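Asks: Quick check, what structure comes out for this input:
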Amino acid sequence: MGGRYASAEELADTIAAQWTGMQTNRFTVLTGGEPLLQVDPALIEALHARGFSIGIETNGTIDPPDGTDWVCVSPKAGSELRIRRGHELKLVYPQAAAMPEAFADLDFERFSLQPMDGPDVIENTARAVDYCLRHPQWRLSLQTHKTLGIR
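Replies: As a prediction, this is how the structure comes out:
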């Protein structure tokens, strides 16, 4: 959607206007860059008031506001992880300074490995598949939109 909004209410109205499905089980995921630099209790309250459950995808360096319904943490090598529990930990693989073993004991419901994109994506995918097969705590997470050529 982009842009600037004068209030949490205005942004929540814009998000609600994009929803084309049934008015039940509404769900929005706040992501892109680091969403927790902008997400505050007022936005959480405004989205809940419009019937949305709220997910965030974060690098885990900032604590989420109360009321967030689903938390996915995607740690980056070299950053200090503050969020150590949540629904999903999604790790880009491989990262020499952020190997899965460093995160395996955290309190997440699901652990996902996502092959690092770029010129070595085929090799990285094979390595991620191999790791998941040898460590069943981890599941493979693919960026299907890239495989299909949707950017």
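Asks: all strands for the chain, in order.
Replies: Under the criterion DSSP state E, the chain contains strands at 26-30, 52-58, 70-73, 85-93, 107-115, 138-140.
Asks: Make a markdown table out of these and add mean pLDDT.
Replies: Listed next are those as a markdown table, based on pLDDT from 0 to 100:
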| stretch | mean pLDDT |
| --- | --- |
| strand 26-30 | 95 |
| strand 52-58 | 97 |
| strand 70-73 | 97 |
| strand 85-93 | 97 |
| strand 107-115 | 97 |
| strand 138-140 | 97 |
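Asks: Any idea how far the helix or strand of the chain with the lowest mean pLDDT is from the middle of the chain?
Replies: Here the helix or strand of the chain ranked lowest by mean pLDDT, DSSP states H and E is helix 144-147, holding a mean of 77. Chain-centre distance of helix 144-147: 16 Å, with C-alpha atoms, centre = their mean, to the nearest Å.
Asks: Then stretch 102-109?
Replies: 15 Å.
Asks: try stretch 66-78
Replies: Its chain's average C-alpha position is 6 Å from that of stretch 66-78, according to C-alpha atoms, centre = their mean.
Asks: Can you give me the buried ones in that stretch?
Replies: 68, 71-75 (16 or more other C-beta atoms under 10 Å). Where C-beta positions appear, they are placed from N, C-alpha and C, glycine not excepted.
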